[in-house]
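1. Sequence plus the predicted model coming up.
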Amino acid sequence: MCPLHTADLQRIFKQLDKNGDDQVSLEELNWLLERIGVRLSLEELESFVGKSSLDLNEFLFFWKSISKQNNNKVDDHEVKDEINGDDNENDDDGEISDLLEAFNVFDLNGDGFISCEELQNVLSRLGLWDEKSGKDCTRMI
């Protein structure tokens, strides 16, 4: 399981914020929590959160809190799938998940791009880097 990065959580926040007010309401938050198997009444959620909506920073803090409380048992891939409307029963999900995981092996700094240096680093660790592959890499990128 790869952890959700701040950029992922920001995208999730924007998708949850249906009315675009830069606040995630308890109803919007509860929708996500239910999809990942966390069942709370709105009253319980409000008691836990302490307010009726969260801004981005509060959402990030909330997410880190529930991740720690659940000893990181929250499946981050499931969260991404749910927020993107993906169906876990689809055979392509496993393949996409595998591809994303493989991509993340190469994308060492997590910026969403694979630089020549990142590719060289991984290929060197695998013993597959030489001068010719370096020239090919530079041309491709």
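-> Okay, I see it.
2. Isn't residue 26 up against residue 48?
-> No: the criterion here is Cβ atoms under 8 Å, and residue 26 misses it with residue 48 at 9.7 Å. C-beta: built from backbone N, CA, C; applies to glycine.
3. Of these two, which one has the most company?
-> The neighbour comparison of residue 26 against residue 48 (other Cβ atoms under 10 Å) goes to residue 26, with 19 against 13.
4. So which residues of this protein form strands?
-> Along the chain, counting by DSSP state E, strands occupy 24-25, 53-54.
5. okay, the ones you listed in CSV with mean pLDDT next?
-> CSV is the format used below for the strands of the chain (pLDDT from 0 to 100):
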stretch, mean pLDDT
strand 24-25, 92
strand 53-54, 92
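6. thinking residue 18 is in contact with residue 28, fair?
-> Yes: counting by Cβ under 8 Å, residue 28 is a contact partner of residue 18 at 6.2 Å.
7. Which one's more surrounded, these two?
-> residue 28 (19 against 12).
8. Now that one: closest residue in space, sequence neighbours ignored.
-> In space, residue 28 comes closest to residue 16 once its chain neighbours are excluded; the distance is 4.6 Å by Cβ to Cβ, 6 or more residues apart in numbering.
9. Look at the one you found and report its pLDDT.
-> Looking at residue 16, its pLDDT stands at 89.
10. contacting residues around it?
-> If you count contacts by Cβ atoms under 8 Å, 6 or more residues apart in numbering, residue 16 has them with 24, 28-29, 31-32, 83.
11. out of these, which are inside helices?
-> The members of the contacts of residue 16 that map onto helices under DSSP state H are 28-29, 31-32, 83.
12. neighbour-wise, which of these leads?
-> Highest neighbour count within the ones in helices among the contacts of residue 16: residue 29, with 22 neighbours (other Cβ under 10 Å).
13. OK, contacts around that residue?
-> 16, 45, 49, 54, 59, 62.
14. Check residue 113 too.
-> Taking Cβ under 8 Å, 6+ apart, we find residue 113 in contact with residue 107.
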